[in-house]
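Engineer: quick one, structure for this:
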Amino acid sequence: AEDRVVDSRVGRDGEFIRRRRACLSCNRRYTTYEYIEDVLPRVVKRDGRREPFDRQKLRGSILKACEKRSVGVQAVDDIVADIESRLHDRAEKEITSLELGEVVMEQLQKLDQVAYVRFASVYRQFKDINQFMDEVRGLIKDGEKGKPAKPAPRPAVKK
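Structural biologist: The predicted structure is shown next:
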C-alpha cells in the first residue's frame with residue numbers, strides 16, 4: 001500500500017505515463033502505466049449485446065494470433081495503440097465487432113500473414129478447410145500483385 005515513485009516517463013506521443021515504483025516495506029520494484037481515461041465507443045457484438053471497449057481483450061486476441069510467430073510484443077502494442085487511437089478519433093459512440101475485427105485483420109495482414117489467417121479463421125468463423133484455403137489463396141493473389149515480375153529463366157548454355 002505504501003510506495004514511492006522512482007522514475008516517471010511519458011510514453012509514446014503522451015498516450016501514457018510509465019512510472020517505476022518501489023515498495024517502502026520490501027523495496028521491490030515494479031512498473032505502472034497510467035492512461036488517460038477517455039470514453040471509447042462501445043462494442044456492439046454479433047448478438048446485439050453492447051460492452052465497453054476492452055484494450056486488454058483486444059491485445060490478448062492479437063497476441064493469441066501471433067503466438068509462436070516472430071512478432072514482437074511491441075509490434076502488437078503498436079497495433080493496439082493505433083486501433084485505440086482510431087476509436088478516439090471516431091465521432092460515433094459505438095462500433096460493431098465486425099468493423100473492429102476488420103481493422104485488426106487489416107493491421108495483422110501487414111504485420112504477419114500467418115497471424116492474419118489465424119485471426120481471420122476465428123473472427124470469420126470458418127466452418128471448413130475450404131473457407132480457410134480461400135483466405136490463403138486470396139493472400140497469395142494479393143502477394144503476387146505486389147511483387148515485381150520474375151525474370152525469365154536463362155536458356156541453358158551448352159559447352
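Engineer: ok, now which ones touch Q109?
Structural biologist: Neighbouring residues of Q109 by C-beta atoms under 8 Å, 6 or more residues apart in numbering: Y116, L139. Using the backbone N, CA and C atoms, a C-beta is placed for each residue, glycine as well.
Engineer: pLDDT score assigned to it?
Structural biologist: The score at Q109 is 88. That number is its pLDDT.
Engineer: and the contacts of the strand or helix carrying R86?
Structural biologist: When elements are assigned from DSSP states H and E, R86 belongs to helix 73-89. For helix 73-89, the external contacting residues (C-beta under 8 Å, 6+ apart) are 12, 15, 38, 40-41, 53, 55, 58-59, 62-63, 66, 95, 100, 103-104, 107-108, 111.
Engineer: how about the strands in the protein?
Structural biologist: Applying DSSP state E to the chain gives strands spanning 3-10, 16-23, 29-35, 42-44, 50-52, 94-96.
Engineer: and those strands, which is most packed in?
Structural biologist: Compared across the strands of the chain, strand 42-44 shows the largest average neighbour count, a mean of 17 (mean count of other C-beta atoms under 10 Å).
Engineer: if we can go back for a sec, and the strands of the chain as JSON lines, adding distance to Y123 and mean pLDDT?
Structural biologist: Output for these, formatted as JSON lines (distance: least, C-beta to C-beta, whole Å; pLDDT from 0 to 100):
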{"stretch": "strand 3-10", "distance to Y123": "34", "mean pLDDT": "92"}
{"stretch": "strand 16-23", "distance to Y123": "27", "mean pLDDT": "93"}
{"stretch": "strand 29-35", "distance to Y123": "26", "mean pLDDT": "90"}
{"stretch": "strand 42-44", "distance to Y123": "13", "mean pLDDT": "94"}
{"stretch": "strand 50-52", "distance to Y123": "17", "mean pLDDT": "94"}
{"stretch": "strand 94-96", "distance to Y123": "12", "mean pLDDT": "93"}
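Engineer: now, of the contacts of helix 73-89, which are buried?
Structural biologist: 40-41, 53, 58-59, 62, 66, 95, 100, 103-104, 107-108, 111 (16 or more other C-beta atoms under 10 Å).
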